[in-house]
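Enquirer: prediction below, plus the sequence it came from.
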2 protein chains.
Amino acid sequence: MPKSRAAPRLLDVAEAAGVSLATASRSLSGQSGVSEAVAQRVRGVAQSLGYVANVHARTLAGGLTSMIGLIVHEIDDPYFSEIASGVVHAATSHQRLVQISHSGRDPEQELRQIRALIASRVDAIIIAGSGYTDPTAQQESRLLLARYADSGGRVAVIGRHELAVDAVLPANKEAGAAIAEHLISLGHRRIAIAAGTEGLTTVEDRLTGLADGFGQAHPPVTATAVRSDFTREGGRLAAEQIISDHPEVTAIIALNDAMAIGVLAALRSHRIAVPDQMSVVGFDDVSVAEALAPSLTTVRLPMATMGQLALEMTLKPPAAEPRRKATSHQLMVRDSTAAPRSLGEETPLLRDNERNV
Amino acid sequence: MPKSRAAPRLLDVAEAAGVSLATASRSLSGQSGVSEAVAQRVRGVAQSLGYVANVHARTLAGGLTSMIGLIVHEIDDPYFSEIASGVVHAATSHQRLVQISHSGRDPEQELRQIRALIASRVDAIIIAGSGYTDPTAQQESRLLLARYADSGGRVAVIGRHELAVDAVLPANKEAGAAIAEHLISLGHRRIAIAAGTEGLTTVEDRLTGLADGFGQAHPPVTATAVRSDFTREGGRLAAEQIISDHPEVTAIIALNDAMAIGVLAALRSHRIAVPDQMSVVGFDDVSVAEALAPSLTTVRLPMATMGQLALEMTLKPPAAEPRRKATSHQLMVRDSTAAPRSLGEETPLLRDNERNV
DNA sequence: TTGAAAGCGCTAACAA
DNA sequence: TTGTTAGCGCTTTCAA
């Protein structure tokens, strides 16, 4: 039985190839100053020995790690996995590796993850997902990140305008306004909102956008928000409450698609037809949204692109002022919205398939 | 403006606290042999300096990294994100961090990721997702992993029986048999299979299970497999082909839920009613499956648990023989399956809500 | 209980 | 073109 043997070191490669440590190092890192013949031989020896350089030693000795840390709220939420996918693809094409951690929407846990990423000296840290409206919740994170940036680390966030770092800003307000206009133009005036947990900036921004959009309606809109978790189950619970407490409502706005899916499920179990008896809209356009039945009217935010943009920001040297990159949004009108029933068949069906905003 | 300053080192902490390097190290790592008073003071200084230990130096000097590497095929596929979620949660409760990489179902890319994980000296590597039936595709990965294990690294795989390492084995065959029996008992005999790409062991195992289940039917089953990508779009394409080439079919089996969602979309666009005109089933029971309309009949594989089990295997010392851990499966009968129309209303509706297998 | 010092594996500056 | 050597920041003997 083979004894547990340490992994081969660069020194082992050098000896086996009959060259010095420095020559071996140069050969493998593809630097100039080595004859091609020697370099070739060293590479061959390294391969046959199964040599893989120790990143820790390499990092300690000098350079960067080529590692990017990504912190998301929930790994198994499509919103974040699509962002992650964008980050990973972009990173791969820049020969960077991504280390993904998740915070479970808990500032404490997020702090711990930031600490771990800093400890492992990743070249950059990307934090995706809503910030917290409570400033004390991230006092220490902010400090840590500032110090990290100060000592050369790069930081970018997605959707957290409250941190003074490079940021990709999802068009949450604009998306809210677009949805409000869509429902108003269909004739809805009594609307309920399945809103996510308090304290998340994303939730508040989307609500603000909706309020802006509603403000212009004649006759005016009556909108009621019901708070719940920012998840499918949260959507289901919110819908139950809306159904029982607000029977006059003709449309439900869920503040993300996950909640919208929960809303649809609740309506189905109550045999409330969508869109005939109730219109439903979401936010994000996660990829399953169009595959639902009825397919979900929602606002598309380009998650993968957002991830890619964030990654690319971290590759550039820091700017004097933090960069802000706004994203596009696109209202996707599908089968879950229609004119309210009371307006009946005499109203022409206002439906365009994809309206660019 | 603060100059770009290097991060504080343990030496800085030690000096600021007026102790030696060794004492500082001991204080922070909570070792015995330091007076509590001194330890306290050192910890205080470390905190106020925002000191975070450099993992690379620490790793190089001795110990483990407390990092686990996880390789998945597709980060934004719910099957994998649910597995990842299981791994991450279990890891967190064991104070481990997880680094997630993705291979895009490409053996080359997978090899590169394995190399990177080994280079960063993660304590363990978990590879999730189907293996490749072509043995040459992973010749080198196998070699690398063997060497890594030999030098003390831990390896566990999810769903790759072809590697001689600790493995969590999804009940793919049994799941296939359960689905076959379900459709047979409903009376289906002309069945199409939307199968994933060739060369994936998961696909072949599920097909084998289906064939086993079909073998016992009287009258016999006619089953046709259509190959396509193992994704939603692949499911859609397969369904289109099935609709045009095999109009006699009364049920479509998709080899995973992603494909099933694509199949449902294709059927909807052809106005083929599910389950009245066509039954549809999937595999996996990703969390959105029950939220679809009609809700999807599928076989539940406990993805999060699988991830958790794999993580725990890597925490144990290696066994003489590779461990094999089989998982449960559970047929989830929902609204996408029914008796074929030709049997009409005279057949009693065999439907139980959750049948344990 | 504390400190001094020898590495861990690698890179890069300096010599030859 | 090649080799020698001084660290990188930490842990861990070994001495005091």
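Expert: It's in.
Enquirer: contacting residues for residue A:301?
Expert: Residue A:301 sits next to A:170-171, A:175, A:283-285, A:327, A:329 when contact means C-beta atoms under 8 Å, 6 or more residues apart in numbering or on different chains. For every residue, glycine as well, the C-beta is placed using N, CA and C.
Enquirer: same thing but 6 Å
Expert: Residues in contact with residue A:301, defined by C-beta atoms under 6 Å, 6 or more residues apart in numbering or on different chains, are A:170, A:284, A:329.
Enquirer: redo those residues as JSON lines? Include neighbour count, distance to DNA strand D and secondary structure.
Expert: Listed next are the contacts of residue A:301 as JSON lines, based on neighbours: other C-beta atoms under 10 Å in any protein chain shown; distance: C-beta to the nearest atom of the strand, whole Å; DSSP: H, G, I helix; E, B strand; the rest coil:
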{"residue": "A:170", "neighbour count": "28", "distance to DNA strand D": "37", "secondary structure": "coil"}
{"residue": "A:284", "neighbour count": "26", "distance to DNA strand D": "41", "secondary structure": "strand"}
{"residue": "A:329", "neighbour count": "26", "distance to DNA strand D": "44", "secondary structure": "coil"}
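Enquirer: closest to residue A:161 out of the residues you listed?
Expert: residue A:170 (10.0 Å; C-beta to C-beta).
Enquirer: you'd agree the closest one is up against residue A:326?
Expert: No. Counting by C-beta atoms under 6 Å, residue A:170 does not reach residue A:326; the two are 8.4 Å apart.
Enquirer: and of the contacts of residue A:301, the nearest to residue B:252?
Expert: residue A:284 (29.1 Å).
Enquirer: the closest one and residue A:261, how far apart?
Expert: Remark: distance between residue A:284 and residue A:261 (C-beta to C-beta, to the nearest Å) = 11 Å.
Enquirer: which residues of the stretch 251-357 of chain A score low on pLDDT?
Expert: A:342-357 (pLDDT under 70).
Enquirer: the helices in it, which residues?
Expert: A:257-269, A:303-315 (DSSP state H, counting those that start in this stretch).
Enquirer: same check on the stretch 1-150 of chain A?
Expert: So, for the stretch 1-150 of chain A - with DSSP H, counting those that start in this stretch - the helices run A:10-17, A:21-28, A:36-49, A:55-61, A:78-93, A:107-119, A:139-150.
Enquirer: redo these as a markdown table? Include mean pLDDT, distance to DNA strand C and mean neighbour count.
Expert: Shown next, in a markdown table, are the helices of the stretch 1-150 of chain A (pLDDT from 0 to 100; distance: least, C-beta to the nearest atom of the strand, whole Å; neighbours: other C-beta atoms under 10 Å in any protein chain shown):
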| stretch | mean pLDDT | distance to DNA strand C | mean neighbour count |
| --- | --- | --- | --- |
| helix A:10-17 | 89 | 3 | 18 |
| helix A:21-28 | 88 | 3 | 19 |
| helix A:36-49 | 88 | 10 | 15 |
| helix A:55-61 | 84 | 3 | 19 |
| helix A:78-93 | 92 | 20 | 24 |
| helix A:107-119 | 86 | 16 | 20 |
| helix A:139-150 | 86 | 21 | 18 |
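Enquirer: can you list those helices in JSON lines and add distance to residue A:296?
Expert: JSON lines is the format used below for the helices of the stretch 1-150 of chain A (distance: least, C-beta to C-beta, whole Å):
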{"stretch": "helix A:10-17", "distance to residue A:296": "55"}
{"stretch": "helix A:21-28", "distance to residue A:296": "52"}
{"stretch": "helix A:36-49", "distance to residue A:296": "51"}
{"stretch": "helix A:55-61", "distance to residue A:296": "43"}
{"stretch": "helix A:78-93", "distance to residue A:296": "12"}
{"stretch": "helix A:107-119", "distance to residue A:296": "30"}
{"stretch": "helix A:139-150", "distance to residue A:296": "34"}
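Enquirer: what's the closest of those to residue B:154?
Expert: That would be helix A:55-61 among the helices of the stretch 1-150 of chain A, by C-beta to C-beta, at 17.9 Å.
Enquirer: packing partners of that closest one?
Expert: helix B:55-61 (3 or more C-beta pairs under 6 Å, 6 or more residues apart in numbering or on different chains; DSSP states H and E).
Enquirer: using PDB, write out every CA atom in the helix it packs on.
Expert: Listed next in PDB are the C-alpha coordinates belonging to helix B:55-61 (Å, rounded to 0.1, in the frame of the first residue of the first chain):
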ATOM      1  CA  VAL B  55      -4.500  31.900   5.700                       C
ATOM      2  CA  HIS B  56      -1.700  31.400   3.200                       C
ATOM      3  CA  ALA B  57       1.000  31.900   5.800                       C
ATOM      4  CA  ARG B  58      -1.000  29.800   8.200                       C
ATOM      5  CA  THR B  59      -1.500  27.000   5.800                       C
ATOM      6  CA  LEU B  60       2.100  27.100   4.600                       C
ATOM      7  CA  ALA B  61       3.300  26.900   8.200                       C
END
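Enquirer: do it and DNA strand D meet?
Expert: Yes. Looking at helix B:55-61 against DNA strand D by C-beta under 7 Å from any atom of the strand, the contacts come from B:57-58, B:60-61.
Enquirer: and these, which is closest to residue A:25?
Expert: residue B:60 (16.1 Å).
Enquirer: residue A:110 versus the closest residue to DNA strand C within the stretch 151-300 of chain A, what's the distance?
Expert: Going by C-beta to the nearest atom of the strand, DNA strand C is nearest to residue A:152 of the stretch 151-300 of chain A, at 14.6 Å. Residue A:152 sits 22 Å away from residue A:110, taking C-beta to C-beta as the criterion.
Enquirer: what does residue A:265 give?
Expert: As for residue A:265, its distance to residue A:110 is 30 Å (criterion: C-beta to C-beta).
Enquirer: same check, this time on residue A:181
Expert: 35 Å.
Enquirer: likewise for residue A:214?
Expert: Residue A:214 is 33 Å from residue A:110, by C-beta to C-beta.
Enquirer: with residue A:35 instead?
Expert: The gap separating residue A:35 from residue A:110 is 51 Å, by C-beta to C-beta.
Enquirer: what do you get for residue A:202?
Expert: For residue A:202 relative to residue A:110 (C-beta to C-beta), the value is 15 Å.
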